[in-house]
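Chemist: just coords:
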């Protein structure tokens, strides 16, 4: 399979051969390190990602639910993270994927939310027990710092977006006001021209020596 092929290339005894094979490549990995103990799988996956990252002009995209790999993007500047945003939901309607990437933000896997809307329904008492178990877990300092940093980045993204919206609104108002002022100016100018033409026509009509051609 794809993983076996990748490992074969990585484990090549000839370092130059390994680099030549994978150089200038785009590598896509889905759920790397899954299917085994989560902690050990995450460590193996991190080692593989670090190895590939060192190959010249190789681009790597990996999807994961591993907290360790998510934290990697915060603790190692060579990696970047992105998460798929969810559409706003309600207490009755679940949140659905928005299919929009948000860069610089560590995403939640929303495992409990996914289980709660499964068909057939997941027992409520089991969901409640799982939530209590998750709440009682001891997070490492590394993971806590990673999540905190991600929240700070997310907050900055929101604030920047808000500033951009406010700036755009001000610019729209300025353009609208300028267009209104311009329209009023043209209206006043046209009124003066019409009044001037009316006076000219009136004077020509009163002048008996003028012909129709003079009026035209």
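Modeler: Here it is on my side, so go on. Quick caveat: nothing in here was measured; it's all calculated off a predicted structure. Numbering: from 1, shown residues only.
Chemist: so the residue lying closest to residue 33 once chain neighbours are set aside is in which element?
Modeler: Nearest in space to residue 33, with sequence neighbours left out and distances taken as CB to CB, 6 or more residues apart in numbering, is residue 45 at 3.0 Å. (Glycine included, C-beta is placed from N, CA and C.) Element membership of residue 45 [criterion: DSSP states H and E] is helix 38-53.
Chemist: show me what the lengthiest strand in the chain is packed up against.
Modeler: Counting residues, the longest strand found in the chain (DSSP state E) is strand 97-103. Under the contact definition 3 or more CB pairs under 8 Å, 6 or more residues apart in numbering; DSSP states H and E, strand 97-103 sits against strand 82-86.
Chemist: before we move on, the earlier item: would you mark the buried spots in the helix holding residue 45?
Modeler: Residues 41, 42, 45, 46, 48, 49, 52 are the ones in helix 38-53 that count as buried (16 or more other CB atoms under 10 Å).
Chemist: from the residues you listed, which is closest to residue 177?
Modeler: Nearest to residue 177 among the buried residues of helix 38-53, counting by CB to CB, is residue 49 at 53.7 Å.
Chemist: just list the residues touching the nearest residue to residue 26 once chain neighbours are set aside, thanks.
Modeler: Of all residues not flanking residue 26 in the chain, residue 59 sits nearest, at 4.8 Å (CB to CB, 6+ apart). Neighbour list for residue 59: 25, 26, 27 [criterion: CB atoms under 8 Å, 6 or more residues apart in numbering].
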